[in-house]
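Engineer: how would this look folded up:
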Amino acid sequence: MSILIAALASYVAIEFAGRIFARRDQRGRWLTAGAVAMGSGIWSMHFVGMAAFTLPIPVSYDLWITVGSWLAAVAVSGLALHLVSRGPLSAGTVTLGALAMGAGVCIMHYAGMGAMRMDPGLGYDLPWFIASVLIAVGASAAALVIVARLRTVRSWRDVGLRTAAAAVMGLAVAGMHYSGMAAVQFDPNAFCAPGNLLAGDAIATPTVLASLLGLGFALFFALSDARAVVQAKRAARAEAERLNELAFVDRETGLVNRARFGQQLVEALRRQPVSSVASIRVLDARGEEAKDRVATAAAVLAPLQSSGLVLARTSPAQLMVLAEGLSAEAVRSSLLPGWRRLAAGLAGQGVQLAFGLAEAPADGDNAQALMLRAASRSAEREDEPAPEPRLGAMAAFLAAGPAVRDSAA
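Structural biologist: Numbering: from 1, shown residues only. Take a look at the predicted model:
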């Protein structure tokens, strides 16, 4: 039972470290609650372990020394949670923290033993005493590192790691306690001071029940708060995505808008100085008819995005395509078959398009210049007679080569 309580207290410590780290605005509240919960759990483990140690005499404890040992456990827990919630731990912080925490755990343990006020007094076996101190310091260092690394949960795997870590920490705390008990030497004629107010048999069961209930409630509230924080973050992320969509997505076509296309073009030019921009104008587009024609063109051209191209609606009657890292010649070579297939489909739906192409750095070395150049070329070709429906003219323009394209510009 004492090991179970120690493991549960360790898991609560890990959860509260996560709450303190996540709730910076409520750091003091969570730090205090965590210190009390964790410290009470460790202290309870100590007294449950003491109850498991039977003596041939009635055992009792001094009230105020016992309270002092509990305060030592709470203080040690508060120090641990404070250290692990600040940020990454350095080797120096772990060392100093482990020494301070180990000293506090030893004070808690040996003060609790001293609360029996035995007469004659207790003796201690030096090797076991030193071993208990070393275990306390080592367990404290391990606890600091484990809690600091597991204070955030990203998957169910982390929950499993927390459980395993809590079990290891619980065993370490129990190891310190029982090695300390092994160090104690009782005089055969010793007895507890008659003025002690806490009877050992009377406080054992209430201590177990109170510790289990208290740690259970503390864990419940910590997990509930963690879930609330996760839900709040999800809601904030969804709201940010919604606002981003309103700012950068065209609602009628679902394509990125001019602002976002400009950003993507700037980023593309930074990565690939040689890139191309195509402007596709929907001809004779006015009012609701324009919306329908643009939506039709966008739906048919959307598959181009699967090949790494960026398709955007940059004005009520204009679409633009970004081909990152491709020259105009490469765009013509790679897209011409697709344009021709699209021509027949769009022409059958009554959609007529005009096309313009600009290449960086020849036609401009910045996003605005390229977009204006491509748009002006599509505008200049708007009234050109076409041997096929308008999209066929666009395909012919793509196939014509640089000389024809430049003369048209």
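
Engineer: residues in contact with Val184?
Structural biologist: By CB atoms under 8 Å, 6 or more residues apart in numbering, the contact list for Val184 reads 113, 122-125. Bear in mind the C-beta positions are built from the backbone N, C-alpha and C, glycine included.

Engineer: Out of those, which comes closest to Arg293?
Structural biologist: Using CB to CB, the shortest approach to Arg293 within these belongs to Met113, at 87.8 Å.

Engineer: Neighbour count and secondary structure added to the contacts of Val184, as TSV?
Structural biologist: Listed next are those as TSV, based on neighbours: other CB atoms under 10 Å; DSSP: H, G, I helix; E, B strand; the rest coil:
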residue	neighbour count	secondary structure
Met113	21	helix
Leu122	16	coil
Gly123	12	strand
Tyr124	16	strand
Asp125	13	coil
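
Engineer: Would you agree Ala358 falls within a strand?
Structural biologist: Yes. Residue state for Ala358 (DSSP: H, G, I helix; E, B strand; the rest coil) corresponds to a strand.

Engineer: Quick one: neighbours of Leu71, just the number.
Structural biologist: 16 (other CB atoms under 10 Å).

Engineer: mind checking how far it is from Ser179?
Structural biologist: Between Leu71 and Ser179 the computed distance is 23 Å (CB to CB, to the nearest Å).

Engineer: hang on, the earlier thing: Serialize the contacts of Val184 to CSV and add fields for pLDDT.
Structural biologist: As requested, the contacts of Val184 are exported to CSV (pLDDT from 0 to 100):
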residue, pLDDT
Met113, 80
Leu122, 80
Gly123, 82
Tyr124, 83
Asp125, 86
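
Engineer: Same list (those) but as JSON lines, adding distance to Cys106.
Structural biologist: As requested, these are exported to JSON lines (distance: CB to CB, whole Å):
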{"residue": "Met113", "distance to Cys106": "11"}
{"residue": "Leu122", "distance to Cys106": "14"}
{"residue": "Gly123", "distance to Cys106": "17"}
{"residue": "Tyr124", "distance to Cys106": "11"}
{"residue": "Asp125", "distance to Cys106": "15"}
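
Engineer: And those, which is closest to Leu171?
Structural biologist: Distances from Leu171 to the contacts of Val184, taken by CB to CB, are shortest for Met113, at 20.7 Å.

Engineer: show me what contacts that closest one?
Structural biologist: Taking CB under 8 Å, 6+ apart, we find Met113 in contact with 50, 122, 180, 184.

Engineer: ok, the second one - contacts?
Structural biologist: This means Leu122. 113-114, 116, 184-186, 190.

Engineer: circling back to that earlier point, taking the contacts of Met113 together, which two end up most distant?
Structural biologist: Longest span within the contacts of Met113, CB to CB: Met50 and Leu122, 12.6 Å.

Engineer: what about the stretch 301-409 of the chain, any weak spots by pLDDT?
Structural biologist: 334-351, 380-409 (pLDDT under 70).

Engineer: Mind jotting down where the strands sit in it?
Structural biologist: 310-315, 318-323, 353-360 (DSSP state E, counting those that start in this stretch).

Engineer: can those strands go into CSV with extra columns for mean neighbour count and distance to Pro58?
Structural biologist: Formatted as CSV, the strands of the stretch 301-409 of the chain follow (neighbours: other CB atoms under 10 Å; distance: least, CB to CB, whole Å):
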stretch, mean neighbour count, distance to Pro58
strand 310-315, 22, 83
strand 318-323, 25, 86
strand 353-360, 25, 92
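
Engineer: so which of the ones you listed comes closest to Ser275?
Structural biologist: strand 353-360 (5.1 Å).

Engineer: who does that closest one touch, helix- and strand-wise?
Structural biologist: strand 275-282, helix 328-348, helix 367-380, helix 390-400 (3 or more CB pairs under 8 Å, 6 or more residues apart in numbering; DSSP states H and E).

Engineer: Doesn't Val147 lie inside a strand?
Structural biologist: No. Using three-state DSSP, the secondary structure at Val147 is helix, not a strand.

Engineer: what's near enough to touch it?
Structural biologist: So, once contact is read as CB under 8 Å, 6+ apart, Val147 ends up touching 13-14, 17, 80-81, 84, 165.

Engineer: Can you tell me which of these is nearest Arg281?
Structural biologist: The closest of these, once distances to Arg281 are taken by CB to CB, is Ala17, at 59.5 Å.

Engineer: which helices and strands does the helix or strand hosting that closest one pack with?
Structural biologist: Ala17 is located in helix 2-22, with elements delineated by DSSP states H and E. When contacts are defined as 3+ CB pairs under 8 Å, 6+ apart, helix 2-22 packs onto helix 27-51, helix 63-84, helix 126-149, helix 156-183, helix 200-248.

Engineer: Just put the ones you listed in TSV and tack on distance to Gln272 and mean pLDDT.
Structural biologist: Formatted as TSV, the helices and strands packed on helix 2-22 follow (distance: least, CB to CB, whole Å; pLDDT from 0 to 100):
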stretch	distance to Gln272	mean pLDDT
helix 27-51	46	79
helix 63-84	45	83
helix 126-149	40	83
helix 156-183	39	76
helix 200-248	21	71
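
Engineer: For those helices, please prepare TSV with the additional fields distance to Ser276.
Structural biologist: Output for the helices and strands packed on helix 2-22, formatted as TSV (distance: least, CB to CB, whole Å):
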stretch	distance to Ser276
helix 27-51	53
helix 63-84	53
helix 126-149	48
helix 156-183	45
helix 200-248	22
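
Engineer: which one of the ones you listed is the most hemmed in?
Structural biologist: Most buried of the helices and strands packed on helix 2-22, by mean neighbour count (mean count of other CB atoms under 10 Å): helix 27-51, with a mean of 22.
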